[in-house]
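Asker: Need a 3D model of the sequence below.
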Amino acid sequence: MLSLLFGLIAALAWGLHDFLVRKVTQHGTAAPLLFVVMAAGALALAPLSVLTGWQDMTPRAALIAMASGVSFAGASLGLFRAFAIGPVRLVAPICGAFPMVTMGLAVLQGRSITALEWIAVLAVIAGIALVARQSGDTTASPNRRAAILWAGLGALCFALTFHLGQIAAEAGGELPATLISRLVGLSLVTTYLLASRTSLTPTLPYLKTLGLMGLLDATALTAVLAAGSLPHPEYAAVASAIFGIITILLAWRFLHERMQPIQWLGVAVVFSGIATLAA
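Answerer: Numbers count the residues shown, from 1 in each chain. The predicted structure follows:
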């Protein structure tokens, strides 16, 4: 149950994060935006990780956390690019399908997954797809294929980020593992910016928003990784997958985007899946 709670906290943080992503990705390319978000998250995590101590961080745990950071960079890039060129109704269900990969990795790790758990996970994914659906909009985007590929990359890398990160967090501590993951991702983005000579100037008007996104992102990732030492850590990843629904509900509430009856049905289906896992 606690793993689910951590996942729901992550979903709330990432939902608000992606609500803000929808705004800033229209005013700049993904890499500079990612740099500021990751840097803000690292700055927030650094003093907290020092306070908790690094005495449990072993070389093996550090290497796994670094691998998680590589995956996190890929996940973030896929998410930013997909939201920049594709509609939410297309991107959200694909990115939100990563729990299937997470559960598969749990099976490979030796965990026993019941048929009811698989049904609950499928219900979560199906509900996300229903909520992301927008009736009456059949316009084909010229970037549809690219958006699908970027969203698919995001989903795969998110699953690997959580799986590897939880292993590292269980062995070496949540905050140190999260900080290592974040610093590796930041290093990769920095290398790309330097190699491509991409300027950070376009991000300057949005520094406050990007800083808040960094804090939200760091909070969400830490919550999921903290579940690594709890029973059923994969549940945290499943619950965090509903971040797309949070984003859409925020758009409905604050941007006055309409919600169709079938989308409300999707919300009910998602939470029925979460309730099944909790039971």
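Asker: When you work out contacts or count neighbours from here on, use the C-alpha atoms and nothing else.
Answerer: Will do.
Asker: Kindly list the single helix or strand of this protein that scores lowest on mean pLDDT.
Answerer: Every helix and strand in the chain was compared by mean pLDDT, DSSP states H and E; the lowest is helix 88-95, with a mean of 74.
Asker: quick one: stretch 34-48 to chain centroid distance?
Answerer: Remark: stretch 34-48 is offset 16 Å from the chain centroid, using CA atoms, centre = their mean, to the nearest Å.
Asker: Quick one: mean pLDDT for it?
Answerer: For stretch 34-48, the mean pLDDT works out to 91.
Asker: Over to stretch 162-174?
Answerer: For stretch 162-174, mean pLDDT is 91.
Asker: what's the answer for stretch 221-230, then?
Answerer: Here the average pLDDT along stretch 221-230 is 87.
Asker: Buried residues, it. List them.
Answerer: Neighbour-count burial for stretch 221-230, counted by 16 or more other CA atoms under 10 Å, picks out Leu221, Thr222, Ala223, Val224, Leu225, Ala226, Ala227, Gly228, Ser229, Leu230.
Asker: what comes into contact with the least confident helix or strand of the chain?
Answerer: Helix 88-95 is contacted from outside by 79, 82-83, 125-126, 128-129, 131-134, 147-148, 151-152, 154-155, 241, 244, using CA atoms under 8 Å, 6 or more residues apart in numbering.
Asker: Report the mean per-residue pLDDT for the next helix or strand after that helix.
Answerer: Note on helix 88-95: by DSSP states H and E, the next helix or strand toward the C-terminus is helix 98-108. For helix 98-108, mean pLDDT is 85.
Asker: What is helix 98-108 packed up against?
Answerer: Where contact means 3 or more CA pairs under 8 Å, 6 or more residues apart in numbering; DSSP states H and E, helix 98-108 is packed against helix 115-132, helix 144-172, helix 234-240.
Asker: Using CSV, list the CA coordinates for it.
Answerer: Output in CSV follows, covering the C-alpha atoms of helix 98-108 (Å, rounded to 0.1, in the frame of the first residue of the first chain):
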residue,chain,number,x,y,z
PHE,A,98,5.6,1.8,-19.2
PRO,A,99,4.1,-0.2,-16.3
MET,A,100,3.8,-3.2,-18.6
VAL,A,101,7.6,-3.1,-19.1
THR,A,102,8.0,-2.5,-15.4
MET,A,103,6.0,-5.6,-14.5
GLY,A,104,7.8,-7.6,-17.0
LEU,A,105,11.2,-6.6,-15.5
ALA,A,106,9.8,-7.6,-12.1
VAL,A,107,9.0,-11.0,-13.4
LEU,A,108,12.5,-11.4,-14.8
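Asker: Could you list the buried residues of it?
Answerer: Of the residues in helix 98-108, Phe98, Pro99, Met100, Val101, Thr102, Met103, Leu105, Ala106 count as buried by neighbour count, 16+ other CA under 10 Å.
Asker: With stretch 203-222 instead?
Answerer: So stretch 203-222, judged by 16+ other CA under 10 Å, has buried residues 203, 209-222.
Asker: likewise stretch 249-264?
Answerer: By 16+ other CA under 10 Å, the buried positions in stretch 249-264 come out as Leu249, Leu250, Ala251, Met259, Ile262, Gln263.
Asker: What strand or helix carries the first one?
Answerer: Right, the one you point to is Leu249. Per DSSP H and E, the secondary structure element for Leu249 is helix 243-254.
Asker: likewise Val184?
Answerer: Applying DSSP H and E, one finds Val184 within helix 174-196.
Asker: hang on, the earlier thing: what angle separates the helix holding Leu249 from helix 115-132?
Answerer: Counting by axes from the mean of the first three to the mean of the last three CA atoms, to 10 degrees, helix 243-254 points 40 degrees away from the direction of helix 115-132.
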